[in-house]
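Student: just to be clear, the model below is a prediction. Sequence and coordinates:
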Amino acid sequence: MPERKRPISIHQRLLRYMLAPLLLLLVVGVAVDHSMIVSPIHSAFDRALSRAALAIVARIQRTPEGQLGVTSPERLPLPRPFAGADPLPSARPHPMPGEGSRSPLRGMGGDKFFYRVSLPDGRTLAGTPDLPLAAPDDKAADGFSYADINYQGQLLRLASYRTLEDGDPVIVTVAETPARRDRAVHRMDVSFGLNDTVQMAAVLIITLIGIRIALRPLQRLSRQIANRPAQALTPLSTEQVPSEVRPVVESLNTLLGTVRNSVLSQQHFMANAAHQLRTPLTGLKAQLEVLSRETAGSPLEERIALLQGGVDRLAHTANQLLTLARAEPSAHRASHYTSIELPHLIGEVIESSLDRALAHGIDLGADSQHAQVTGVYWLLHELLINLIDNAIRHTPAGGHVTVRCGVNDGHAFLEVDDSGTGIPPDERLRVRERFYRGAGSTADGCGLGLSIVDEVARVHGAQLSILDGSTGQGTRMRIDFPANS
Amino acid sequence: MRILLVEDDSLVSDAITRGLVASGYVVDPVADAESVSGRLADTHYDLAIVDLGLPGEDGLSLVRRLRRSGNPLPLLIVTARDGLDDRINALDLGADDYLVKPFALPELAARCRALIRRATAAAANEIAIGGLRIDLAGRRALNTTGDVLELTRREWSILECLAHHSGKVVSKERLTQAITGWSEDISGNAIEVHVSRLRSKLGTSATVRGIRGLGYRLEDA
C-alpha cells in the first residue's frame, strides 16, 4: 500500500501562509522607511550646505581696490548637518589651502568640499574657478538653487546662492561629495531594517505562541476523546469548546447518537428475537419431556426421544446464534466492561458444567492462578462454557478436562486442556469458521462454539490459539489477553 | 408443596405444570401478574415461578411489588432474556434464583427443590440431602437409618458448611475458614484428611465429591 502523505498541521499551515506576507511586509516596510527618511536627510544636508554658502557670503568684503573679495577663506566653516549633535573635534574645519586653489577643502568624515564665489559674468572671485553653477530656481524665494552634478568624475551636491553684496550681484556656490549623506541614509536604512526585522520576528513568535494557546481547546478535546473507553457512545461535552470547534463536536455527537440508537435498536431487536425464539422452544422442550415420561415403555418413546434430540439441537443452535449476534463488538457499552477475576469465572463456569462432565464420566477440574482482566462478564462466561462444552464433547469417558488461568509475561491467559481426540493441525484454522464441524463431530454440536469463542476473544482484544494437549494427546485451547487488560 | 406459576405462554405453562405435578408438587398456573395478589391472599404457596416477559405488568415489576409488600415467598425467575443486566436486576429486586429459557424440566425441578429446601431449612433448622438429615440446631447429622453420626468438631463444621451450600462447590479456603479460629493455622492437606474421614462416616447416605482445583460438593449418594 503506498504511504499517503500526511496532511500538514494547522501550525504549519498558519506558518506557511503567514511567512510570505510577513516577509513581503518587511521589505515594503523597509522601502517605505527608506523613502520617508531620504528627503529629510537630504534637506538637512542641503540646509547645512546653504549655511556654508551664507558663511562665505558673510566674508565677502570690498577690497580697498573696490573689488569684491573673500577674507580668510581658510577659516570657512564647513557644512554641519544636525549641528550640535556632532561635537566631535574632527568635525572642526580643517585649515584650507590658499585662495584660488582648485583642490577641494577637506570636509568632515572624508567628504570633499568645494566653493566658488563668482560674478554673474562668470568671473571667479574665490574658490574653485571651474565649479559649475546650479541653474537658478525660480520657485525658491531664498535665492538658493540646488543640483546634483558630476564634477571631474565625482558626484557632487551643489548649492548656488544668488545675492547682492553692496549692490553687486554675487553667486556663491558650494558643493560637497555625497558620501556623508549617503552614509547617513545607509545607517538609517540599516537601523530601520534591523528594527523591522526584530519586530517581525517578535510578531512571528507571538503568533506561534498564540496559535499554541488557541489550539489548546482542540488538544483538550482530543485528550477527552482519547481518554474515553472505546465503547463509550455518550455525547461529548460542548462546554469549554470554542465556537470554531463546536460544529465538529456537534457533528461528532450526532454521529455518536446515530451509532447509539442503532446499537440500542439492535439490542432491542435481539431481546425480542431471543424472547420469540426461546419461549416456544421452552414449551416444546418441556412438553416433550412430559410426553416422554408419560409414554415411557410404549412404542412412541423412541420417536419422542428423536423429537427431543431435534428440539434440543434447535434450542442449542438458537442460543448459540443469539450469543454470536450479541457478541458483536458494537453491542457493548462501556458500562458492560468490568474487572473480572478469572479464577472466580472458572469456578462459576465449572460449577455449571460439572453435572454434564460427570454424566460423561469426565474429570473436570481447575488449576487457577491469580489473574484479572477487563471484559464483559457474560461474554467471557459464554466463551468458557463453549470451550468446556467442546472439550467435554471431544473427550471420551475416563478422560480429564482442566481449566487453567494465570499470568504469563505480564498478560493474563485462560486455557482449557483436554485429553480427548484432538484436532489435526490442518483443521485448526477451519474449526473457527461458523457452522464448520470437524470429522469427529457428534450430532449435538452446531459448529458455532468456536466461532463464539473467537468472536468473544476478538471483542476483548485477546487471541485464541489451538494447541496440542499438555499430556501429548487432546487439545489445549488457549486465550491470551492483551497485556493491559 | 404448592407452587404458583406465573407464565403467559400456554405451551410452556402447561408443560411446566405437568412436569412439576409429576415431581409431586401442586401447581397453580396464572397467566398474568395482576391475578397473583388474589391467589396469594387466599392460598399459602411455598414458591412462585415468575416469567419476566408477561403481558401488562411485567415480571420484574411483580417481583418488586411482592418484595416491597414484605412477602418472603421464594421467587424463581424464568426468562428468555439472558442479559446480565436483567439477571442482576431481578436478583437485586429480591428474586431468589434465575433460570434462562430454554431449560430442561429436571433442571427446573432441581431449582424448585433447592429453593424450597432453603426456605424450609431456615425455618426448621434442618437440611436434608439424599438420605442425610442435618439438624443445625442440635448440631448433629443422622444417616439413612436414623443413626446419629459420630463427628469430630471439625468434621461437623465441614459438613455444616457444605450443607449450607449443598449442590454448590465449596472451596478449600472457605472450608478452612469454617473450621479454624483466628489463631489456628491449617493446611489444605489437613482439610483433605478431614473430608476423607467425613466421607467414610457418611457412608451411603450422601457423598462429598472433590472437584479438582476448586473444592468439594455435597451430593445425594
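Tutor: Yep, that arrived.
Student: apart from its neighbours in sequence, what residue is nearest the closest residue to chain B within the stretch 51-200 of chain A?
Tutor: Nearest residue of the stretch 51-200 of chain A to chain B (C-beta to the nearest C-beta) works out as A:Met200 at 63.2 Å. Every residue, glycine included, has its C-beta placed from N, CA and C. The shortest distance from A:Met200 to any non-neighbouring residue, by C-beta to C-beta, 6 or more residues apart in numbering or on different chains, is to A:Leu26 (5.1 Å).
Student: cool, A:Leu448 as well?
Tutor: Closest residue to A:Leu448 apart from its sequence neighbours, by C-beta to C-beta, 6+ apart: A:Gln320 at 3.9 Å.
Student: count the residues that sit near the one you found.
Tutor: If you count neighbours by other C-beta atoms under 10 Å in any protein chain shown, A:Gln320 ends up with 21.
Student: repeat that for A:Leu448.
Tutor: 22.
Student: surely it meets A:Leu324?
Tutor: Yes - A:Leu448 lies in contact with A:Leu324 (C-beta atoms under 8 Å); the separation is 6.0 Å.
Student: overlap in contacts of the two?
Tutor: Shared contacts of A:Leu448 and A:Leu324, defined by C-beta atoms under 8 Å, 6 or more residues apart in numbering or on different chains, comprise A:Arg434.
Student: quick revisit: the residue of the stretch 51-200 of chain A closest to chain B: helix or strand, and which one exactly?
Tutor: According to DSSP states H and E, A:Met200 maps onto helix A:179-214.
Student: buried residues in the helix or strand of chain B with the lowest mean pLDDT, which are they?
Tutor: The weakest-scoring helix or strand in chain B, judged by mean pLDDT, DSSP states H and E, is helix B:84-93 (a mean of 75). Buried residues in helix B:84-93, counted by 16 or more other C-beta atoms under 10 Å in any protein chain shown: B:86-87, B:89-90, B:93.
Student: okay if I get those as JSON lines plus distance to A:Val416?
Tutor: Compiled in JSON lines, the buried residues of helix B:84-93 are given as follows (distance: C-beta to C-beta, whole Å):
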{"residue": "B:Asp86", "distance to A:Val416": "28"}
{"residue": "B:Arg87", "distance to A:Val416": "24"}
{"residue": "B:Asn89", "distance to A:Val416": "31"}
{"residue": "B:Ala90", "distance to A:Val416": "30"}
{"residue": "B:Leu93", "distance to A:Val416": "35"}
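Student: make JSON lines from those residues and add distance to chain A to it.
Tutor: Output for the buried residues of helix B:84-93, formatted as JSON lines (distance: C-beta to the nearest C-beta, whole Å):
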{"residue": "B:Asp86", "distance to chain A": "9"}
{"residue": "B:Arg87", "distance to chain A": "8"}
{"residue": "B:Asn89", "distance to chain A": "13"}
{"residue": "B:Ala90", "distance to chain A": "14"}
{"residue": "B:Leu93", "distance to chain A": "18"}
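Student: name the nearest of these relative to A:Glu427.
Tutor: For those, the closest approach to A:Glu427 (C-beta to C-beta) belongs to B:Arg87, at 36.1 Å.
Student: leaving out chain neighbours, which residue sits closest to the closest one?
Tutor: Excluding the flanking residues, the one nearest B:Arg87 by C-beta to C-beta, 6+ apart is B:Tyr98, at 5.2 Å.
Student: just checking, the one you found is part of a strand?
Tutor: Yes - using DSSP: H, G, I helix; E, B strand; the rest coil, the assignment for B:Tyr98 is a strand.
Student: go ahead and name everything in contact with the top helix by length along chain B.
Tutor: Longest helix of chain B, by residue count under DSSP state H: helix B:105-124. Helix B:105-124 is contacted by residues A:285-286, A:289-290, B:1, B:3, B:15-16, B:19-20, B:23, B:25, B:46-47, B:49, B:72, B:74, B:76, B:78, B:96-97, B:99, B:126-128, B:136, B:166-167 when judged by C-beta under 8 Å, 6+ apart.
Student: what of stretch A:130-137?
Tutor: By C-beta under 8 Å, 6+ apart, stretch A:130-137 touches A:102, A:114-116, A:118, A:144-147, A:149, A:151, A:158-160, A:162, A:171, A:173, A:175.
Student: contact partners for B:Ala33?
Tutor: For B:Ala33, the contact set (C-beta under 8 Å, 6+ apart) comprises B:6, B:50, B:54, B:56-59, B:61-62, B:65.
Student: mind listing what the one residue in chain A that gets nearest to chain B touches?
Tutor: The minimum distance from chain A to chain B, using C-beta to the nearest C-beta, falls at A:Gly365 (2.5 Å). With contact set as C-beta under 8 Å, 6+ apart, A:Gly365 has these partners: A:350, A:400-403, B:211-214.
Student: compare these and tell me which is most surrounded.
Tutor: Counting neighbours by other C-beta under 10 Å, A:Val403 comes out on top of these with 30 neighbours.
Student: and that residue, that one's in a strand?
Tutor: Yes - under three-state DSSP, A:Val403 sits within a strand.
Student: leaving out chain neighbours, which residue sits closest to A:Leu354?
Tutor: Sequence neighbours aside, A:Leu364 is the residue nearest to A:Leu354 in space, at 6.1 Å (criterion: C-beta to C-beta, 6+ apart).
Student: kindly report the same for A:Cys405.
Tutor: Distance criterion C-beta to C-beta, 6+ apart; nearest residue to A:Cys405, sequence neighbours excluded, is A:Leu342 at 3.8 Å.
Student: residue in chain B nearest to chain A?
Tutor: Nearest residue of chain B to chain A, counting by C-beta to the nearest C-beta: B:Arg212, 2.5 Å away.
Student: just to check, that residue is in contact with A:Thr402?
Tutor: Yes - between B:Arg212 and A:Thr402 there is a contact under C-beta under 8 Å: 7.3 Å.
Student: I appreciate the help and will end here.
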